[in-house]
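>>> Give the three-dimensional model of this entry:
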Amino acid sequence: MLLQPTTKTEEYYARYAKAIDMMSPPLQQKILKTLLEKHIPSLTASSVLDYGCGVGLNISTLRSLNVKSITGVDISQKAVDLAKKKHGKVAHISFQNVSDKQTQFQKNQYDIIICTEVLEHVSDPYEIVNLFSKLLKNNGYIFISTPNYLNPTGIIKLFYDMFSSTHDWNPWGAHKGGFERFTTSIFIRSLFKKFDLVSDTGGDIVLSWGYPFRHILSNYHEKLFWPQPLAQLSKLFLMNYYALYQKK
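All right, here's what the predicted structure looks like:
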């Protein structure tokens, strides 16, 4: 199975995206580690695919969990090079550029797939999820992280998207010239309806409900981030949606 850029949008991420756009907040790493440790009993025997690895922040977390092997793939050679610089000398970690026509994967190859901040940028998320289903072993796990526009900030995005041919607006100000799908927690749940939902949560009250006041509230950003009871009660409406699924 080959993974290659097929649209101008994906070409943008392959060639022009900035390194800062390929990073994730500390919150994401905290949630990733917490959910994997809590729900997956055999982490040290697990082979992991980090699909859209960016500069390798997820891989740092996976290394701390002592997983068996890690394969990081990204559409950006710039991202792959930066990730290799940090992790490339570790024996059980390998990297591939999905733009490379030689990049191939086998069915039922991985115990865990990590896909953070990717599905909102690809041309066909259903195709990606079908691919994951093929690559994942029976009873394997997928950790997903995406934006969630099921909140007041989503109204702002809808307004901007009405006048944009690229639909690249997002509250973080990243991916200018790229593409950011109007993704919601409900859409992600429907996308993975053939999988079992193990656990999910939300994050970032400030950007979801207080975007116009984000600069004033910036000092409280991490404190209002996660974990907190409100994040669970309102997880479907916060700016970030995190979920762990298991293949049936």
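>>> residue ranges with poor pLDDT in the protein?
Along the chain, segments meeting pLDDT under 70 span 1-10, 12-23, 99-103, 213-233.
>>> Enumerate the positions of stretch 47-65 that are buried.
For stretch 47-65, the neighbour count (16 or more other Cβ atoms under 10 Å) marks 47-59, 61-63, 65 as buried. Glycine gets a C-beta too; all of them are placed from N, C-alpha and C.
>>> Among the residues you listed, which are located in strands?
The members of the buried residues of stretch 47-65 that map onto strands under DSSP state E are 47-51.
>>> ok, now which ones touch T183?
Taking Cβ atoms under 8 Å, 6 or more residues apart in numbering, we find T183 in contact with 119-120, 146-149.
>>> which residue ranges form the strands in the protein?
Along the chain, counting by DSSP E, strands occupy 47-51, 69-74, 93-97, 110-116, 136-147, 195-203, 240-247.
>>> residue closest to the middle of this structure?
With distances taken as Cα atoms, centre = their mean, the residue of the chain nearest its centroid is T116 (0.9 Å).
>>> Who does the closest residue in space to that residue that isn't next to it in sequence form a beta bridge with?
Leaving aside its sequence neighbours, T116 sits nearest to S145 (Cβ to Cβ, 6 or more residues apart in numbering; 3.9 Å). Assessed by DSSP bridges, S145 has beta-bridge partners T116, Y242.
>>> Run a quick neighbour tally on S145.
The tally of other residues near S145 (other Cβ atoms under 10 Å) stands at 25.
>>> Repeat that for the one 4 residues further on.
Summarising burial for Y149: neighbours were counted as other Cβ under 10 Å, giving 27.
>>> from what I can see it touches F159, true?
No. Using Cβ atoms under 8 Å, Y149 is not in contact with F159, being 11.6 Å away.
>>> how about the helices of this structure, start to end?
Secondary structure of the chain (DSSP state H): helices at 8-15, 26-39, 57-64, 77-87, 125-135, 152-162, 185-191, 205-209, 229-233.
>>> Out of those, which is the most enclosed?
Mean neighbours per residue, mean count of other Cβ atoms under 10 Å, is largest over the helices of the chain for helix 205-209, with a mean of 22.
>>> Go through the strands of the chain and name the closest to L35.
Evaluated over those, closeness to L35 peaks at strand 240-247, with 4.7 Å, by Cβ to Cβ.
>>> Could you dump the helices of the chain into CSV with distance to I93 added?
Below are the helices of the chain laid out as CSV (distance: least, Cβ to Cβ, whole Å):
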stretch, distance to I93
helix 8-15, 22
helix 26-39, 16
helix 57-64, 7
helix 77-87, 5
helix 125-135, 18
helix 152-162, 36
helix 185-191, 28
helix 205-209, 32
helix 229-233, 31
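>>> any idea how far K78 is from K30?
Distance, K30 to K78, by Cβ to Cβ, to the nearest Å: 26 Å.
>>> returning to what we had before: contacting residues for the residue nearest to the centre of the chain?
24, 28, 32, 52, 58, 143-145.
>>> Quick check: buried residues in stretch 163-179?
By 16+ other Cβ under 10 Å, the buried positions in stretch 163-179 come out as 167-171, 174-175, 178-179.
>>> If you could redo that for stretch 239-248, that was the one I meant.
So, applying 16+ other Cβ under 10 Å, buried residues of stretch 239-248: 239-247.
>>> For S69, state which of the contacts of T183 is nearest.
L119 (23.8 Å).
>>> count of neighbours near that closest one?
Here the number of neighbours of L119 (other Cβ under 10 Å) works out to 24.
>>> my guess is it contacts I144, does it?
Yes. At 7.1 Å, L119 and I144 qualify as touching, with contact defined as Cβ under 8 Å.
>>> Mutual contacts of these two, please.
I188.
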